[in-house]
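J.: Provided below are the primary sequence and the corresponding predicted coordinates.
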Amino acid sequence: MRAKVIRLDPIACDGHGICAELLPERIVLDDWGYPIIDPEPVSGELLVHANRAVTHCPALALRLERAEAAIDDRRADRTGHRGAA
């Protein structure tokens, strides 16, 4: 099973906090009850719990992406274009 990264759509998030209850190892809530996601890839047994947190989000604000795709996105954010940096 490949590592994945949890991504949050902050506009869709309503701050229910279920994700932090289901995956406290990687998600904590800020002072207003909105999630702060650990950017490190998730794998192994923790990936099962991450998938459950994504599935149970009532606002559909979480998703799991391949870790490689997330790294490419971060490079694009810094450089303004996709591809190798």
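T.: Received the coordinates, thanks.
J.: surely residue 4 touches residue 50?
T.: Yes. Between residue 4 and residue 50 there is a contact under Cβ atoms under 8 Å: 7.0 Å. From N, CA and C alone the C-beta is placed, and that goes for glycine too.
J.: the two: who's more crowded?
T.: residue 50 (25 against 22; other Cβ atoms under 10 Å).
J.: the nearest residue to the more buried one once chain neighbours are set aside: how many residues sit nearby?
T.: Once flanking residues are discounted, residue 50 sits nearest to residue 42: 4.6 Å by Cβ to Cβ, 6 or more residues apart in numbering. Residue 42 has 22 neighbours, counted by other Cβ under 10 Å.
J.: who's in contact with residue 42?
T.: 3-6, 26, 50, 64 (Cβ atoms under 8 Å, 6 or more residues apart in numbering).
J.: export stretch 6-20 as PDB, just CAs?
T.: Extracted in PDB, the C-alpha atoms of stretch 6-20 (Å, rounded to 0.1, in the frame of the first residue of the first chain):
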ATOM      1  CA  ILE A   6      -4.400  14.000   3.700                       C
ATOM      2  CA  ARG A   7      -5.600  17.200   2.000                       C
ATOM      3  CA  LEU A   8      -8.100  19.600   3.400                       C
ATOM      4  CA  ASP A   9     -10.400  21.900   1.400                       C
ATOM      5  CA  PRO A  10     -10.600  24.800   4.000                       C
ATOM      6  CA  ILE A  11     -13.600  26.400   2.200                       C
ATOM      7  CA  ALA A  12     -15.700  23.200   2.400                       C
ATOM      8  CA  CYS A  13     -14.700  22.500   6.000                       C
ATOM      9  CA  ASP A  14     -17.400  23.400   8.600                       C
ATOM     10  CA  GLY A  15     -15.200  22.500  11.700                       C
ATOM     11  CA  HIS A  16     -17.200  19.500  12.900                       C
ATOM     12  CA  GLY A  17     -14.000  17.900  14.300                       C
ATOM     13  CA  ILE A  18     -14.800  14.300  13.500                       C
ATOM     14  CA  CYS A  19     -11.500  14.000  11.600                       C
ATOM     15  CA  ALA A  20      -9.500  14.900  14.600                       C
END
